[in-house]
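1. Below are the sequence and a predicted model; questions follow.
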There are 2 protein chains.
Amino acid sequence: MDHNVNVVYRSLNFSALDSVEDDRLPGRRSWERDADGPVREAGGPGRESPSPENRKGRESRRGRRTADAAEAEGRLQGAHGSGVQSWMSARRQRPTQDNGPSAGEGDDMVDPWNVSTSSAKGVDYDKLIVRFGSSKIDQELVDRIERVTGQKPHHFLRRGIFFSHRDMHQILDAFENKKSFYLYTGRGPSSEAMHVGHLIPFIFTKWLQDVFDVPLVIQLTDDEKYLWKDLSLEECHRYAVENAKDIVACGFDVNKTFIFSDLDYMGMSPGFYRNVVKVQKHVTFNQVKGIFGFTDSDCIGKISFPAIQAAPSFSTSFPQIFSGRKDVQCLIPCAIDQDPYFRMTRDVAPRIGFPKPALLHSTFFPALQGAQTKMSASDPNSSIFLTDTAKQIKNKINKHAFSGGKDTVEEHRRCGGNTDVDVSFMYLTFFLEDDEQLEKIRQDYSSGALLTGELKKRLIETLQPMITAHQEKRKQVTEETVRQFMTPRRLDFDF
Amino acid sequence: MDHNVNVVYRSLNFSALDSVEDDRLPGRRSWERDADGPVREAGGPGRESPSPENRKGRESRRGRRTADAAEAEGRLQGAHGSGVQSWMSARRQRPTQDNGPSAGEGDDMVDPWNVSTSSAKGVDYDKLIVRFGSSKIDQELVDRIERVTGQKPHHFLRRGIFFSHRDMHQILDAFENKKSFYLYTGRGPSSEAMHVGHLIPFIFTKWLQDVFDVPLVIQLTDDEKYLWKDLSLEECHRYAVENAKDIVACGFDVNKTFIFSDLDYMGMSPGFYRNVVKVQKHVTFNQVKGIFGFTDSDCIGKISFPAIQAAPSFSTSFPQIFSGRKDVQCLIPCAIDQDPYFRMTRDVAPRIGFPKPALLHSTFFPALQGAQTKMSASDPNSSIFLTDTAKQIKNKINKHAFSGGKDTVEEHRRCGGNTDVDVSFMYLTFFLEDDEQLEKIRQDYSSGALLTGELKKRLIETLQPMITAHQEKRKQVTEETVRQFMTPRRLDFDF
């Protein structure tokens, strides 16, 4: 998988941002093309475009202006499909091309419910940055984060697992000027079972909270799961609470973190619904049709749902935390396929008087069977689940993890394995924190010194204690603890 | 206006229900025609259709079965237009035909945002009953209400101002078996100014509450006004509270009545949003397009709003009142143009496990300038406002109330006036309670014994003390009183 090369080696030619040809989908639907009436609003002065200050800051960096232009274009870019799933992407990788109209020739397709690529190497994340109009997390930004926080950047940043952003420099500018922000991430609780891929945004968000010391809100979209799945409200809500336990087990500080179920919080907050309605007034069906591919046969709940994922991007959705302040900017760490929600949110924000949320985008977490196969919640062998025993972990990796090794030991010793497609190696880039060890594994596997069984053993030895530790921590999460996290309240911050 | 003849004389030939030709709109859009996927659900066993018991009860009454069939047809009947306004209809009468596609030849058009007729006599309410598939409030039902409650029926019932219903016999059957129900009505607070027409549903609902002694919930759709109008959330919410004062002044019992702003209550109730999402899952864009005429250019807030007007039809939206019981049936008194919301609600109800709400429909309240002109909030002369002084009332009626009298006193004495088109007489049918006096006025005016000035004087003398009394009562409504009415709480009923 291409991005895992980049993961270890930041070898990209950034001038690609300037020279890339226009590779937008020929068959894409424009956010505005068919629209009349209300859609004109979208063209008003509040339109998604960099502020002068913002642009100035960006111009100092190579390729930024092109990325700005591409963001504007990316926003206009339609998506296709008949369903949408939010906050779930870390586990999704759909390389097949039979889901709705495919992207233009050579293009990957990435949206909240569909990730596909015609390339055997997987999604081309650099092209995605250009298409979505986001900005690359380059070495300069990683260095700046280190400078501002005084902390070594998380290996997800060092290895490009979080590879793209919007307005992160603005967040850092403000932070340097003692202006705080808050973090917002989430999860769609479609089942009790979470796997290691689901942890990626939470592990990274925990690190961000630690180094920036800012409030964090975590949305559990149980309403969305009810709308999309054949589940009852009660089931979705129960999954939300169960998933919250796994999230709490990631080590979040209860004094700095608010976890909420949409179904509960909508009925407990004087601010959340008001922001939902504000967003709903400023987004047309034409727009969500263009962004999310909704059709006339979709239920009205799906059609209006994007506003519910948008609303927590605004601090007035949490008056208990921000004392009604509307100017606290939001930073959203999420997988890149969630970006359409937040492109929409960023377009609406200035029109309803709120700052645009900034974003940090991650790559996708591959299935055990390979970066091009789809992880399936109904197939327990497609990933390592947080409830797996040490033995299950060992068996799954040994039996199912797609190998980049050669057919025979002799051939492997002679030619070496291919870390670009080896899932065990990919997983290690996510979970083995030591850069030197990882690099040595890469070299040894590539040279043939390290056999596939040995590589798998390294992964097993990395994951087993990690999962065991998670299970221990989760056991300590009582109903009372979850209740505390999920109670709307003031956090330990003065706003 | 035709219905005002019927108001006084219940002279209709009910066999019209059997013999009327199929006059559905040729260009109508079907609720289901273009739909696929989720819409198929609508055809399931839970579909809006009379229960066997219900049908049996109905079959004993002439014409009922035809009305049943027509309800099913009426539900399929599309509506047209580019906007929708809820809870506002009592003041709307739009005879022009330039709002969207017109009804079939000879058909009136009545939906939440558009009331038009090609007939100089105004809306034909009997045809409407057939088209909507509701049932006529006939003398038998009026008599039964009197028998069950032991009270003389309200003059709105006696005069056919509330002229149509759905499942009212079911409500009475249950009531006779000591099974309670609750009342639900509402208002869209688009301005501070309310006029006498706005009082119609509240005056009647107050009477229903008095004679049945049941809980009442009153929805103020400030969210809807924000979505449809160029108003801020704060303005809409303020109008809601101001309108609540006028509603409270109608004399509702604070121990039996809960008034709520959507913007507030959505953020205070553990049940309301859950029911909104349930409805939203079971209604497609195709359906709301067919029912309300939404287009792709409408904002997603409008598209999903019908679920918010539907949800209070289910008792679990008010757990504080009904202790979580989901089987308490709802009776909705409203103007007939609100029926599309509740046809939709009745279709969804069995599919989400709730009883269908019953309905009582009123005719429209005419503008001063005549039953065929439109009342306009921006034209203070189009109606009598609740803030008008005695002098303003006198002047407005004398200057603006459309007269059915003749051009000269001599001709009037000789030929008599026409009460069918005389607005002063129409207003008296709404507000003069004494049947004998009203009948004498009708006879005297028709014969020419009563001159237009004298008729207007009777109306002035009826309205002036009524409005003054309302103003006095409203003055006594303190912020604290409104706060009490608008606080989610248990009412004086055991559920």
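-> Arrived safely, thanks for sending.

2. got any ranges where the stretch 351-495 of chain A has weak pLDDT?
-> Residues of the stretch 351-495 of chain A that meet the criterion pLDDT under 70 lie in A:373-378.

3. what ranges do the strands span in it?
-> Counting by DSSP state E, counting those that start in this stretch, the stretch 351-495 of chain A has strands at residues A:358-362.

4. In it, what residue lies closest to chain B?
-> residue A:352 (9.7 Å; C-beta to the nearest C-beta). C-beta here means a position set from N, CA and C on the backbone, and glycine is covered the same way.

5. okay, now that residue: neighbour count?
-> 16 (other C-beta atoms under 10 Å in any protein chain shown).

6. Can you verify my assumption that it contacts residue A:282?
-> Yes. Counting by C-beta atoms under 8 Å, residue A:282 is a contact partner of residue A:352 at 6.2 Å.

7. ok, back up a step: how about the residue of the stretch 351-495 of chain A closest to chain B, what does it touch?
-> Neighbouring residues of residue A:352 by C-beta atoms under 8 Å, 6 or more residues apart in numbering or on different chains: A:275, A:278-279, A:282, A:314.

8. Now with 7 Å, please.
-> Applying C-beta atoms under 7 Å, 6 or more residues apart in numbering or on different chains, we find residue A:352 in contact with A:278, A:282.

9. do you know how far it is from residue A:490?
-> Using C-beta to C-beta, to the nearest Å, residue A:352 is found at 25 Å from residue A:490.

10. how is chain A carved up into domains?
-> Per the record, chain A has its domains at A:109-367, A:380-475, by automatic domain parsing.

11. closest one to residue B:463 among the ones you listed?
-> Residue B:463 sits nearest to domain A:109-367 of all those, at 37.4 Å, using C-beta to C-beta.

12. ok now that closest one, how far from the chain's centre?
-> Chain-centre distance of domain A:109-367: 7 Å, with C-alpha atoms, centre = their mean, to the nearest Å.

13. Burial check on the closest residue to residue A:428 other than its chain neighbours, number of neighbours?
-> In this structure, residue A:428 finds its nearest non-sequential neighbour in residue A:459, 5.6 Å apart by C-beta to C-beta, 6 or more residues apart in numbering or on different chains. As a burial measure, residue A:459 scores 25 neighbours (other C-beta under 10 Å).

14. how close does residue A:372 get to residue A:421?
-> Applying C-beta to C-beta to residue A:372 and residue A:421 gives a distance of 9 Å.

15. my bad, residue A:194
-> As for residue A:194, its distance to residue A:421 is 26 Å (criterion: C-beta to C-beta).

16. Looking at those two, which one has more neighbours?
-> Taking neighbours as other C-beta under 10 Å, residue A:194 and residue A:421 compare with residue A:194 leading, 28 against 22.

17. who touches that one in this structure?
-> Counting by C-beta under 7 Å, 6+ apart, residue A:194 touches A:243, A:246, A:386.

18. What's the separation between the residue of the stretch 351-495 of chain A closest to chain B and residue A:284?
-> For residue A:352 relative to residue A:284 (C-beta to C-beta), the value is 15 Å.

19. hang on, the earlier thing: any idea which of the domains of chain A is most buried?
-> Highest mean neighbour count among the domains of chain A (mean count of other C-beta atoms under 10 Å in any protein chain shown): domain A:109-367, with a mean of 22.

20. returning to that earlier point: turn the contacts of residue A:194 into CSV, including distance to residue B:322.
-> Below are those laid out as CSV (distance: C-beta to C-beta, whole Å):
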residue, distance to residue B:322
A:243, 31
A:246, 35
A:386, 40
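
21. Quick one: name the residues of chain A near chain B.
-> Within reach of chain B by C-beta under 7 Å from any C-beta of the partner chain, chain A has these residues: A:34-39, A:223, A:226-227, A:233, A:263, A:266-270, A:272-274, A:277-278, A:280-286, A:288-289, A:296-301, A:303-304, A:307.

22. Show only the entries of the residues you listed found in helices.
-> A:223, A:226-227, A:233, A:263, A:272-274, A:277-278, A:280-281, A:285-286, A:288-289, A:300-301, A:303-304, A:307 (DSSP state H).

23. which residues touch stretch A:417-433?
-> Contacts of stretch A:417-433 (C-beta under 7 Å, 6+ apart): A:1, A:4-5, A:7-8, A:121, A:155, A:159, A:161, A:200, A:365-366, A:368, A:370-371, A:397, A:401-406, A:438, A:441-442, A:445-446, A:448, A:452, A:455-456, A:458-459, A:462-463, A:466.

24. That'll do, ta.
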